[in-house]
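Asker: Okay, here's the prediction I keep looking at, along with the sequence it came from:
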Amino acid sequence: MVKKIMKGRTTCPKCNHEFIVDTPEGSEEYKAICPKCDCKFTIRKTSDGLKAEEENTWEEHGEPRKTILSSIKPRTDKPMMAAVILVCVFVLGVSSAAFSETFIGAPLNVLSGTGVTGTVEFMITDQSNNSLENVSITIGEVSSKTNANGRCSVENVSLGIKETEIFISENETLTREILVTPLINSYNEIKKGSEEFIPYDTIGCSIILLIFSVIALLGAVASLKRQHFDVAVAGSILGIFSFGFFMIGSILSIIALIIILRSKEEFENGQKGKNF
């Protein structure tokens, strides 16, 4: 039996080239190749045959396109470890804030034992804000005198909360407790005729330590939830300044920071999923 051949006109979907194709009678579709660009596509006929060009449909042949997806690494325990460490930083920081005088003095005494010293600056005036010259200031075994501007810098002072004696005159000696730290010079303005003894106020330090400790706790929460990578990093960095007993809190914060940075891909940014 000889099959009848039907002719029809079609258009290449790729280059819009029109050409005539021969299709076997009775076939519902025919795979055509454009003679101009070699594009392969399929012509489908209607029930009435290949009627008109606009009634033909086509589909392009070829290999399926491959989609490259970002590889998703398996979850690890690193963010949880960082969270636990930052919680410890928070506890040590709060303890330091509650017993600030002891916890502040302890690490400074350790540093002082290694030979680290600090510098304390003074400005001595009378009640009318006039500068007082030749006022003797003694901190432990170190002493100095004010210049014509009423200023004095006492160097090589051992670290910690130190009692300072200011000899205004033979009949007037003032005593102050000051905090001596490395790198940052302590500055003190003292007036003649003020209160004879003023202890060091640790409330300000307690508040600062408490703030840094709370920020470390927020970093712990972010690490535990594996969200807000920036908050986790900020918590571990600022947690360094919560200090803790013998600077243990600072060391733990540095360890937590390293762990968080190494597990960045496990965090979500809170809006668009994981960071890749």
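Answerer: Received the coordinates, thanks.
Asker: Now tell me which helix or strand of this structure has the poorest mean pLDDT.
Answerer: strand 5-11 (a mean of 73; mean pLDDT, DSSP states H and E).
Asker: Quick one: name whatever helix or strand follows it.
Answerer: For strand 5-11, the following helix or strand on the C-terminal side (DSSP states H and E) is strand 18-24.
Asker: follow-up on the earlier one: list the helices and strands the least confident helix or strand of the chain packs on?
Answerer: Secondary-structure packing of strand 5-11 (3 or more Cβ pairs under 8 Å, 6 or more residues apart in numbering; DSSP states H and E): strand 18-24. Bear in mind the C-beta positions are built from the backbone N, C-alpha and C, glycine included.
Asker: Off-centre distance for the strand it packs on?
Answerer: 67 Å (Cα atoms, centre = their mean, to the nearest Å).
Asker: Same check on stretch 156-171?
Answerer: With Cα atoms, centre = their mean, you get 41 Å for stretch 156-171.
Asker: residues in contact with it?
Answerer: Identification of contacts with stretch 156-171 by Cβ atoms under 8 Å, 6 or more residues apart in numbering yields 101, 104-105, 108-109, 111-112, 116-120, 122, 124, 132, 135-140, 142, 173-182, 188, 190, 192, 200.
Asker: Which of these fall in strands?
Answerer: 117-120, 122, 124, 136-139, 142, 173-180, 188, 190 (DSSP state E).
Asker: just the buried members of those?
Answerer: 118-120, 122, 124, 137, 139, 174, 176, 178-180, 190 (16 or more other Cβ atoms under 10 Å).
Asker: Quick check: chain neighbours aside, which residue is closest to residue 15?
Answerer: residue 37 (4.5 Å; Cβ to Cβ, 6 or more residues apart in numbering).
Asker: OK, contacts around that neighbour?
Answerer: Residue 37 neighbours (Cβ under 8 Å, 6+ apart): 12, 14-15, 17.
Asker: Wasn't it part of a strand?
Answerer: No: applying DSSP: H, G, I helix; E, B strand; the rest coil, one finds residue 37 to be coil, outside a strand.
Asker: roughly how far apart are it and residue 215?
Answerer: 64 Å (Cβ to Cβ, to the nearest Å).
Asker: coming back round to it: including pLDDT and distance to residue 262, could the buried ones among the ones in strands among the contacts of stretch 156-171 go into TSV?
Answerer: Below are those laid out as TSV (pLDDT from 0 to 100; distance: Cβ to Cβ, whole Å):
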residue	pLDDT	distance to residue 262
118	91	36
119	93	39
120	93	42
122	94	47
124	94	53
137	95	50
139	93	45
174	94	53
176	93	47
178	89	42
179	87	36
180	88	38
190	91	50
